[in-house]
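below are the sequence and a predicted model; questions follow.
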Amino acid sequence: MNEPLQSPARTAIRTVELRQSLLEGNDRQAARNRRRFHELGLAALNLVSSPGAGKTTLLERTLTEFGRTTPCAAVVGDLATDRDAQRLGRSRAPVAQITTGSACHLDAGMVARAVDQLDLAGARLLFIENVGNLVCPASFDLGERLRVVLLSAAEGEDKPLKYPPIFKSAHVVLLTKIDVAGVLGFDRAAAAENVRRIAPQAKLIELSARSGEGIEQWYALLGDLTGKG
Amino acid sequence: MHEVGIMETAIEAVLAQAREHDATQVHRIVLRIGALSGVEPDALRLAFDATVKDTPAAGADLELEAVPARGRCSDCDLEFGVESDFIFTCPRCGRISGELVQGRELELARIEMS
């Protein structure tokens, strides 16, 4: 039993200063995506919201109506199923579904792989429907031109105050389902005020994808993006 | 729970540094986490234990350095600290502005190893 004890190496502790971003890999891929979209003459929009805020319904209408004159494509992310891709596919726009398994957000690599499956010839807009989640998608740049955050009248007016990172990162905030705001007792003015306090940089549009109220403002914004005014 | 993926990225980078410096034990890992990074410190700690298991970083101290949010007034250019409500009200002119100069950090800052 006389095994020599391993001598505790009295080597000095070394400190390495790094300041290395933990999102570096995603940010690099996002920059590649952005370059690629730019070369294709394509503006990408990253749509983010809680589950059920109306991303897919808005996209259905947008791809059918706005897409009639301006070619659009879409990538949709969900944990499971291709139900959203099926819904959006009825518009005949090219649509790719990303099923993330358990991942709570899309990242730039997933988007790049999904875009590879799409025929983007002639497309001017690419809608990326993120996984329904107001937290995790905030950290992940996908290479989009605009980040669009949806807040529906079925949620609380104070959502922007509760989820600052995502609203702070928004270029556009859509207040959706305003056709049912009255029934739900949703105070649109209070919600709009909360958006302005947390996200004064964002353009705010109030709309209903079902009734069509306010949708022309959304289409005007999309028109500006494609340079058609 | 994107914290798991972020922690895996951090530990991969730590282990690469350890190999590069011929270190066999990592003692301390310091991450800088911005108040608006969208990352939950508790979830990071939870992910840490599972990620470092059976690696030279097992047993290391994880230090999470909080980086407070700072804004800049788009009217008067003043830079200011932001309260926990994250409403960027300029203390000089009262204007609410959206410009963030600090608070999104998500960085591997420092490693101590031997």
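Cool, the structure landed.

hmm, B:Ala58 is touching B:Ala50, no?
No - using C-beta atoms under 8 Å as the test, B:Ala58 is too far from B:Ala50 to be in contact (10.8 Å). Where you see a C-beta, it was placed from the backbone N, CA and C, and this is true even at glycine.

now do the same for residue 15: helix, strand or coil?
Because you didn't say which chain, this covers chain A. strand (DSSP: H, G, I helix; E, B strand; the rest coil).

meant chain B, my bad for not saying
helix.

quick one: contacts for it?
Taking C-beta atoms under 8 Å, 6 or more residues apart in numbering or on different chains as the criterion, B:Leu15 is in contact with B:26, B:55-57.

A:Tyr219 in helix, strand or coil?
helix.

any idea which helix or strand comes after the helix or strand containing B:Glu12?
Assessed by DSSP states H and E, B:Glu12 sits inside helix B:3-20. As assigned by DSSP H and E, the chain's next helix or strand after helix B:3-20 is strand B:26-34.

now that next one: how far from the chain's centre is it?
Distance, stretch centre to chain centre, for strand B:26-34: 8 Å (C-alpha atoms, centre = their mean, to the nearest Å).

any low-confidence regions in chain B?
Residue ranges of chain B with pLDDT under 70: B:1.

roughly how far apart are B:Glu3 and chain A?
B:Glu3 sits 9 Å away from chain A, going by C-beta to the nearest C-beta, to the nearest Å.

for that residue, what are its contacts?
Residues near B:Glu3 by C-beta under 8 Å, 6+ apart: B:39-40, B:43-44, B:46-47.

neighbour-wise, which of these leads?
Counting neighbours by other C-beta atoms under 10 Å in any protein chain shown, B:Val39 leads these with 26 neighbours.

just checking, it touches A:Val135?
No - using C-beta under 8 Å as the test, B:Val39 is too far from A:Val135 to be in contact (9.1 Å).

mind listing what the closest residue to chain B within chain A touches?
Nearest residue of chain A to chain B, counting by C-beta to the nearest C-beta: A:Gln201, 3.1 Å away. Counting by C-beta under 8 Å, 6+ apart, A:Gln201 touches A:168, A:170-171, B:97-99.

from these, which land in helices?
Among the contacts of A:Gln201, the residues falling in helices (DSSP state H) are A:Lys168.

now the contacts of A:Gln201 in a markdown table, with distance to B:Arg70 and neighbour count?
A markdown table is the format used below for these (distance: C-beta to C-beta, whole Å; neighbours: other C-beta atoms under 10 Å in any protein chain shown):
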| residue | distance to B:Arg70 | neighbour count |
| --- | --- | --- |
| A:Lys168 | 13 | 26 |
| A:Ala170 | 19 | 26 |
| A:His171 | 21 | 17 |
| B:Ser97 | 12 | 20 |
| B:Gly98 | 13 | 18 |
| B:Glu99 | 10 | 15 |
